[in-house]
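1. need coordinates for the below:
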Amino acid sequence: MNKARVFTAVPMTAALVAATACSGSDSGSGDDSGITVVASTNVWGSVVEAVGGDRVEVNSLIDDPSSDPHSYEATAEDAADVQDGDLLVYNGGGYDDFFTQLVEQTTSKRFVVAVPDDGGGHSHDHGGGSGGSGGSGETGAPGVDHDESGESGDEHEGHDHGNEGLRAQQDDGHDDHATEDGHGEEGQAGDEGHGDEGHGNEGHGNEGHGNEGHGDEGHEGHSHADGDNEHVWYDPEVVGEVADKVAAELAKIAPEQKQAFTDNAAEFKKRLDGIEQKIADVPDGRVLATAPVAHYLLADAGLEDVTPKDYTRAIENQTDVPVAAQQRVTKLVDGGDIDAVINNPQTVTAVTEKLTGAAGNANVPVVDMTETLPEGQDDYIAWMTGQVEKLAGALGQ
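-> Numbering: from 1, shown residues only. The predicted structure is shown next:
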């Protein structure tokens, strides 16, 4: 997808960082046994399977579509699985804290984390705000830079991910690219979102949704209202970067399989390009979201997410939705001012049910977008493609 992207200078790291410790041995190298990979959720587990193929044995701790990773509590069995894993892959950024804690308790384990928990994040601009792409290496300090870089993942075909910032972080642990990306302290405000600097004239800029799209009515910056959005598996670019890092770490464990891992990651990223094109082709529209799970996808599609910030904040914090925000949501639905409701069926509450019910009564399409792969699905590409197609179909009605 050839949409213009502008890097956002926020206190989050700018690219996937390879963080490799000098100690420890590669338990899976040089034999015919499978590499044991433990992932926090089946989303990242499916990415590992795409890259590792039949050389890996993947154990996803959360694969129940009814589970909420935000509140998942690890079991003794989970802890044992993490201890036994050759490679650990997780989201980070506060999303799967249970896994972060398990990683911190391990020694000499390789890991790939999408969003460093030390405040690291990702540099792709989605029309305001930032998300996360993280690090890899050995445990002891997830997301903390050592000195050696990974062997892949610095570039994504057709996109610049700020390699100067990556090198700076590896040298001294600081994000020195922040002043080079031309976005300064902007990008958190609404008007910089889907206006001139977000998708710009090449995307949905002024002709599509302009400055009123993500401005006063909807999310200013990220859909977590006041912070960054950790649901980075809805950003195909970040997923591709994670795939590269997985390939690099697997190659360190089984060097004789390096080319196979690299080729698998490249093929996976080509399929991700197809998803990006489908996202670019999604019809324009205005949406409400019961949760900010699909924020990056909605932003890349150039959609106007007009969910009131107070509504999102209350849903995320599991507090009462302010009366004014509830009235605003109801007015938008009843008045025919939105084209679809994006629903997360894994975080259903009385408030979200009220919204989806009102949408049904007003003949507004409700599109489910989940946090994990549904039961019976183990292919990230097929899962995400299906969700994008449902969204496009709903907006094309």
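2. confidence-wise, which helix or strand of this structure is lowest on average?
-> Using mean pLDDT, DSSP states H and E, the weakest-scoring helix or strand in the chain turns out to be helix 163-172, at a mean of 28.
3. so which residues of this protein form helices?
-> 42-52, 76-84, 97-104, 163-172, 236-253, 258-280, 295-300, 309-317, 323-334, 350-361, 380-395 (DSSP state H).
4. quick one: low-confidence ranges for the protein?
-> Applying pLDDT under 70 to the chain flags the ranges 1-32, 108, 117-134, 136-227.
5. what's the domain layout of it?
-> Using automatic domain parsing, the domain ranges for the chain come out as 17-276, 282-395.
6. ok, residues contacting stretch 340-353?
-> By CB atoms under 8 Å, 6 or more residues apart in numbering, the residues outside stretch 340-353 that reach it are 65-68, 70, 285, 287-291, 293-294, 298, 314-315, 318, 321, 326, 333, 355-356, 359, 364-372, 391, 394-395. C-betas here are computed from N, CA, C, even on glycine.
7. just the buried residues of the residues you listed.
-> 65, 70, 285, 287-291, 293-294, 298, 314-315, 321, 326, 333, 355-356, 359, 364-372, 391, 394-395 (16 or more other CB atoms under 10 Å).
8. what about Glu104, neighbour count?
-> Glu104 is flanked by 12 other residues according to other CB atoms under 10 Å.
9. same check on the one 3 residues further on?
-> Neighbour count for Thr107, taken as other CB under 10 Å: 10.
10. same thing with Asp284?
-> 15.
11. and the residue lying closest to Val341 once chain neighbours are set aside, how far is that from Leu303?
-> Counting by CB to CB, 6 or more residues apart in numbering, Ala359 is the residue found nearest to Val341 once chain neighbours are left out, at 4.3 Å. Ala359 sits 16 Å away from Leu303, going by CB to CB, to the nearest Å.
12. and if you look at Ser46?
-> Using CB to CB, Ser46 is found at 25 Å from Leu303.
13. what about those two, which has more around it?
-> Each of Ser46 and Leu303 has its neighbours counted (other CB under 10 Å); Leu303 has more, 31 against 26.
14. Leu288 is in contact with that one, correct?
-> No. Using CB atoms under 8 Å as the test, Leu303 is too far from Leu288 to be in contact (10.7 Å).
15. how close does Ile381 get to His70?
-> 25 Å.
16. now do Ala358
-> Using CB to CB, we find Ala358 at a distance of 25 Å from His70.
17. list the contacts of Ala394.
-> Ala394 sits next to 339-340, 365, 367 when contact means CB under 8 Å, 6+ apart.
18. show me those residues that map onto strands.
-> In this view, those that belong to strands under DSSP state E are 340, 367.
19. so how many other residues sit close to Ala260?
-> Using other CB under 10 Å, Ala260 is surrounded by 18 other residues.
20. wait, doesn't it sit right on Asp54?
-> No. Applying CB under 8 Å as the test, Ala260 and Asp54 come out as separate, 9.8 Å apart.
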